[in-house]
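[1] Dropping the sequence and predicted coords here.
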Amino acid sequence: MSNSDVVEIVVPVHQSMNEILQALGDPEMVAINALRRYLVDICWQRIEQAERQIAQYEQNYGSDYATFKQRIGTSEASSEAANQDHPTWEDDAIEWVYRIEESQAWQKRLQKILHESRLPFGKKS
């Protein structure tokens, strides 16, 4: 991470919080570590939420998305059968893909945070 990759954010804190930060060490590093931990937690929450929704679609359709897509796309009869069993399958398929992409995007963000966490602050990989 070069200096051009670093964004400075000013966060006002009460004096009592600053005193605690001082007692814990370098206030800037304490704040950076807390922010990093918060971002990791948020990424995990978003991944888990998307994965729960994906699992629900997999349960509803009895397969993963790739198998579902292949089954629907094999013939017009398959699409008709899907329409009878699951009238909202087309909307579900759009949402299913969205949730897969969402999970992947949050996983990439998490990997980036974890990778950058291993680097000394201010260094570029």
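    Looks like it came in fine. Numbers count the residues shown, from 1 in each chain.
[2] Can you tell me the centre-most residue of this protein?
    The centroid of the chain falls nearest to Trp106 when counting by Cα atoms, centre = their mean (2.2 Å).
[3] does Glu58 count as helix, strand or coil?
    Following DSSP: H, G, I helix; E, B strand; the rest coil, the label given to Glu58 is helix.
[4] which one is it nearest to, not counting chain neighbours?
    Of all residues not flanking Glu58 in the chain, Asp64 sits nearest, at 5.7 Å (Cβ to Cβ, 6 or more residues apart in numbering). Where C-beta positions appear, they are placed from N, C-alpha and C, glycine not excepted.
[5] Pretty sure the one you found sits against Ala55.
    No. Under the criterion of Cβ atoms under 8 Å, Asp64 is not in contact with Ala55, lying 9.9 Å apart.
[6] Okay, the residue nearest to the centre of the chain and Ala50: tell me how far apart.
    From Trp106 across to Ala50, the span is 7 Å (Cβ to Cβ, to the nearest Å).
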